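Undergrad: Okay, predicted coordinates and the sequence, questions at the end:
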Amino acid sequence: MKNYAQTLNLPKTDFPMKADLPSREPSILKKWEGLYEKIKEARKGKPLFILHDGPPYANGHIHIGHALNKVLKDVIIKYWLLRGYHIDYVPGWDCHGLPIEQQVEKELKAQKKSKEELGKVVFRRLCKDYAKRFVEVQKEEFIRLGILGDWEKPYLTMDPAYQAQEVRELGRVFKAGLVVRSKKPVYWCIYDKTAEAEAEVEYYEKEDPSIYVKFPLTKEENTYLVIWTTTPWTLPANLGVMVGEDYEYVFLKTDTETYVLAKALLESFEKTTGIKGEVIKEVKGKELVGLEYKSPYGGTNKVYPSEFVELSTGTGLVHMAPGHGREDYIVGLRYGLEPYAPVDEEGRFVEPAPEFIRGKRVFEANPLIIQDLKERALLLWEGKIKHSYPHCWRCKNPVIFRATPQWFISMDIPHEGKTLRERALEEIQKVKWIPPYGKNRIASMVENRPDWCISRQRYWGVPITVFYCKNCGHVVAEEEVFERVAQLIEDSSEGADIWFEKSEKELLPEGYRCPVCGSEDFKKEEDILDVWFDSGSSHAFVLRKRGIQKADLYLEGSDQHRGWFQASLLESVASYKEAPYKAVLTHGFTVDEQGRKMSKSLGNVVSPQEVISKYGADLLRLWVVSEDYTEDIRLGKNILQRLVEDYKKIRNTIRFLLGNLYDFKPSDAIPFERLHHFDRWVLSYLQELLEKVHRHYEAYEFHRVYHLVRNFCSVELSSLYLDVLKDRLYVYAPGSFERRSAQTALFELAKVLITVVAPFLSFTAEEAWEHLRTIDQNLPESVFLYEMPLPSEEKRDEGLLRDYEKLIKIREDAYRAIELLRKEKEVNHPYEAKVYVWGNKELIELLEKYGDYLNYLLSVSKVELSEGGKHRVSSEYFEGLYAGAERVEGKKCPRCWLYYEEKEFEGEVCRRCAKALEERAVQV
RNA sequence: GGGCCUCUAGCUCAGUUGGUUAGAGCGUGCCCCUGAUAAGGGCAAGGUCGGUGGUUCAAGUCCACCGAGGCCCA
């Protein structure tokens, strides 16, 4: 018998089944070089979509969280791009700040050098080099992920132009009168005489005094508040006592005196001190609030409520020194207490501290104070305690909390009728938060946050460019002075380094005199800005300066409600009275397959580099889009394995489409109305799909797009449409209506499928696009220069959709009947079966309508609309409908494999094939 | 310890305003095909909705508490 396979139109394509992404993707990246610029050119004048990039910190390689974040952004940008929008995506980096400073210092230490020796300017240069190095590293890594953006001109917070804009922003906030100078306790090393950041201190065991002290109440005879402390030296700075409002407190009466302390700590107090007494009264903490007592070193102070009081140690009454403790400071701020700290930079007591400790260092003062308390009968008990205590990371000595002057942006000073807090809260209401609870989260943070401390006593950052008049102390913060300095920074290749290089005279406008006293003698501020002010002003440099008022979208992890979203909001509202964004989208964090956070110690970290080298960036991108990012996002081996399967399905579906289009030209296309009804059905279905796809993309619900596409490929296409279509594609002559009609649909399907997945499977879509272009040379060179089709009413036949919905269900019923035959080995391939359908009149009429195509639709050789079949089943879906199946009679056509009666043959093959062979001979 | 959030089959997700036997795809098992072939197809088995207790004629869907986990703060 002849080899009939050669007379069939079997699929042919160079689009390989094996993706081999890790080695193929780099060549696609090569093709994309310059693509961003071409897109900008092509989309000029189109409506703009602005996603403003939050800058990652330029330190280390990217991790999976970075990848998640950037891919999400990329999907959104590419979607709007494929919708015909103009995009403008400028990636950025956060370059200043402590981690880099510490890293550089570590490197210096290895060379036995210190930053003090080198001086600010040289040290800053080293930091700049360090940041630059990692900007390059991360840039390469982001590009490898397939992220589309202006990688030629990203924004760096250390660029002179950026720094200059930031200085101008600071000037605006000063001008609005929102910047104030006041004291705040910071970690302080009394040996290095420097402030330390939280991240810098190291915790070691330290032995300290442990004492119970009594504070006599002013209005109740012989009654004392009992406090416990390990830092007696802070008692001279005592300004209050904190209680937990909801805790229970007792009045403990001994033979001579009455003590107030928390009920929960009574037992441990009695045990430690040996003091015994009788509880004569119990009260809630809130009833103690407002009581006055005599502070051991001066003044009458009060009891305040505080959320920081704990009942694990002490007495539940906490001695409060706002100048020497963070919580003390926060609570103190709330009640208008001074951050009082009579201690100089060497940790020595100064006036107005009591005379007997003046000049002594804080730790030396401890025993003196204890002795003094003892003499004044205020000490109840004295002991020692070993506990974990913060130490200086450089000299390893214990550090202290000490209030020092800092710059703040005030949340509560009214400016043109409203405070920053009020205005920010109003703006929050106008922004669209995705998911919605983000609004609540940031609003409650803004409602409760203290003033924004923007000064840091560090080296690597943007200077706070104000001057102090040496003569009268006036702070020079005029707009023209900020502008002058900004100009100098912008014009210098050294950027903000010039602030530290040049003298006051060089930095100030020529001949500048103090507006208060007329002096010409100034001293510049040495503090630098909080890095959150750097990134918080990115909107000014990246958007406003380039004529864009607001971003359409900010998109970061949910931790940025406290971080970048808030810093940007406050900076923008302070400067421009409005939010810098119209919408804010947040995503969750990556966790492992058990939902646990990724950590080195758990050994469950998955790196993007690892995924890329093993599976390719498209797999990582598919992962991003497959999960609901509003919650925690899981990642692990099994999930990746499933994604590999999903990827193959989508890829092979596209491959099959392309494979059957090798002889098709767009001019062969048949108009929708004249297409075969099955092809009209699939295109109608496609319009429904498109409608949902667009809806979900617009709502940023990518996992719904993913499920839609995945199911479409496997359910409607692979197992139904394409499977049934094979007969028509392979058997009929190349130029026949049957084949051309099918190809018309396949071409449409390919275009839609490729563009729909392009935002996430960018590499694969581009690769497939190359093949599609060999079919239609009019297509643009990149899929990203094309547009994703919109659902079209003209290509949607409602009646067909309704009919097919039923036909598909009947198909399932028939398959259950065939399955029974298969179990008995009566048939193997469905072609060996004959199907009967009967019963329900309405449905039988429907089936008659599609009569001559029914057997193809069911992939069987014959269908009869009457009762019959060896095995019979009742419909799973329809009342009174039945399906039966039996082995078909007749002979298999060696060409099309369907079974026919002897008389339906013409020679070796069936009549249909004979005709096709004839036509084929003419066409080929 | 506080604020915000999550918890539906092995995995990823659906489940309008509370209302019939909780859905899909994948994976799994069994089977078929060998003309998408390191592909394709068919059938089937899997959850009582994190737990407990309420509200209700009726709860995965509302309330309370507990548990596991995440982010932020302390």
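TA: All right, it came through fine. Just so you know, these numbers come straight off a predicted model, no measurement behind them.
Undergrad: use CA for all of it now, contacts and neighbours both
TA: OK.
Undergrad: In space, what's closest to whatever residue of the stretch 1-150 of chain A ends up closest to RNA strand B - neighbours in sequence excluded?
TA: Among residues of the stretch 1-150 of chain A, the one nearest RNA strand B by CA to the nearest atom of the strand turns out to be A:A5. It sits 4.0 Å away. For A:A5, the nearest residue in space outside its immediate sequence neighbours is A:R895; the separation is 7.1 Å by CA to CA, 6 or more residues apart in numbering.
Undergrad: one step back: regarding the residue of the stretch 1-150 of chain A closest to RNA strand B, what is its secondary structure?
TA: Of the three states, A:A5 takes helix according to DSSP: H, G, I helix; E, B strand; the rest coil.
Undergrad: Let me know how buried the residue of chain A found nearest RNA strand B is, in neighbour terms.
TA: Ranked by CA to the nearest atom of the strand, the top residue of chain A for proximity to RNA strand B is A:E627, at 2.8 Å. A:E627 is surrounded by 19 other residues when neighbours are defined as other CA atoms under 10 Å.
Undergrad: before we move on, back to that, pretty sure the residue nearest to A:A5 is in a strand, no?
TA: No: according to three-state DSSP, A:R895 belongs to no strand; its state is coil.
Undergrad: rewinding a little: dihedrals phi and psi, the residue of chain A closest to RNA strand B?
TA: phi -110, psi 150 (degrees, to the nearest 10).
Undergrad: wait, is A:P216 part of a strand?
TA: Yes: note on A:P216: a strand contains this position according to three-state DSSP.
Undergrad: Quickly list what A:K386 is bridged to.
TA: Note on A:K386: beta-bridge partners A:E207, judged by DSSP bridges.
Undergrad: ok, now A:F251?
TA: Legend: beta-bridge partners of A:F251 under DSSP bridges are A:V260, A:K281.
Undergrad: doesn't A:G277 make contact with it?
TA: No: taking CA atoms under 8 Å as the contact criterion, A:F251 and A:G277 are not neighbours in contact, 9.4 Å apart.
Undergrad: more neighbours, the two?
TA: Taking neighbours as other CA under 10 Å, A:F251 and A:G277 compare with A:F251 leading, 21 against 16.
Undergrad: Against A:K281, how distant is the more buried one?
TA: A:F251 sits 5 Å away from A:K281, going by CA to CA, to the nearest Å.
Undergrad: One more: A:A424?
TA: 46 Å.
Undergrad: just A:E848 next, same as before
TA: A:E848 sits 93 Å away from A:K281 when distances are taken as CA to CA.
Undergrad: cool, A:A583 as well?
TA: A:A583 is 55 Å from A:K281, by CA to CA.
Undergrad: Just give me the neighbour total for A:K648.
TA: Residue neighbour count, defined by other CA under 10 Å, stands at 15 for A:K648.
Undergrad: I'd assumed it was in a helix, is it?
TA: Yes: with the criterion set as three-state DSSP, the secondary structure at A:K648 is a helix.
Undergrad: For it, give me its contacts.
TA: Shown here is A:K648, which makes no contacts under the criterion CA atoms under 8 Å, 6 or more residues apart in numbering.
Undergrad: the bottom helix or strand of chain A by mean pLDDT?
TA: Ranking every helix and strand in chain A by mean pLDDT, DSSP states H and E puts strand A:194-196 at the bottom, with a mean of 78.
Undergrad: Between A:A583 and A:K281, tell me which one has more neighbours.
TA: Remark: of A:A583 and A:K281, A:A583 carries more neighbours, 19 against 11, as counted by other CA under 10 Å.
Undergrad: partner residues bridging the more buried one?
TA: Counting by DSSP bridges, A:A583 is bridged to A:K432.
Undergrad: That one touches A:G438, doesn't it?
TA: No: between A:A583 and A:G438 there is no contact, the gap being 10.7 Å when judged by CA under 8 Å.
Undergrad: A:L761: neighbouring residues, count only.
TA: A:L761 is flanked by 25 other residues according to other CA under 10 Å.
Undergrad: Quick check: chain neighbours aside, which residue is closest to it?
TA: Distances taken as CA to CA, 6+ apart place A:D618 nearest to A:L761, at 5.3 Å, with adjacent residues excluded.
Undergrad: pretty sure the one you found is in a strand, no?
TA: No: counting by three-state DSSP, A:D618 is not found in a strand; it is helix.
Undergrad: wait, doesn't it sit right on A:T764?
TA: Yes: the criterion here is CA under 8 Å, and A:D618 meets it with A:T764 at 7.2 Å.
Undergrad: What strand or helix carries the residue lying closest to A:H61 once chain neighbours are set aside?
TA: With CA to CA, 6+ apart as the criterion, A:H61 has its nearest non-adjacent residue at 6.0 Å, and that residue is A:Q138. In this structure, A:Q138 is located in helix A:120-144 according to DSSP states H and E.
Undergrad: what's the following helix or strand after that helix?
TA: Elements were assigned by DSSP H and E; along the chain past helix A:120-144, the next helix or strand is strand A:155-156.
Undergrad: just checking, what packs against that next one?
TA: Contacts defined by 3 or more CA pairs under 8 Å, 6 or more residues apart in numbering; DSSP states H and E place strand A:155-156 against strand A:92-93.
Undergrad: what distance separates the strand it packs on from the middle of the whole chain?
TA: 15 Å (CA atoms, centre = their mean, to the nearest Å).
Undergrad: for stretch A:341-357, same thing?
TA: Stretch A:341-357 sits 47 Å away from the centroid of its parent chain (CA atoms, centre = their mean).
Undergrad: do stretch A:362-382 as well
TA: Here the centre of stretch A:362-382 is set off from its chain's centre by 52 Å, with CA atoms, centre = their mean.
Undergrad: Now it: buried residues?
TA: Within stretch A:362-382, the residues scored as buried using 16 or more other CA atoms under 10 Å are A:362-363, A:365-366, A:368-370, A:373, A:378-381.
Undergrad: wait, does stretch A:64-75 make contact with RNA strand B?
TA: No: Stretch A:64-75 lies apart from RNA strand B when judged by CA under 7 Å from any atom of the strand; the minimum separation is 10.5 Å.
Undergrad: Leaving out sequence neighbours, find the closest residue to A:V624.
TA: Counting by CA to CA, 6+ apart, A:L68 is the residue found nearest to A:V624 once chain neighbours are left out, at 6.0 Å.
Undergrad: In three-state terms, label the closest residue to A:L854 other than its chain neighbours for me.
TA: The shortest distance from A:L854 to any residue other than its chain neighbours is 6.7 Å, reached at A:V863 (CA to CA, 6+ apart). Using three-state DSSP, the three-state assignment for A:V863 comes out as strand.
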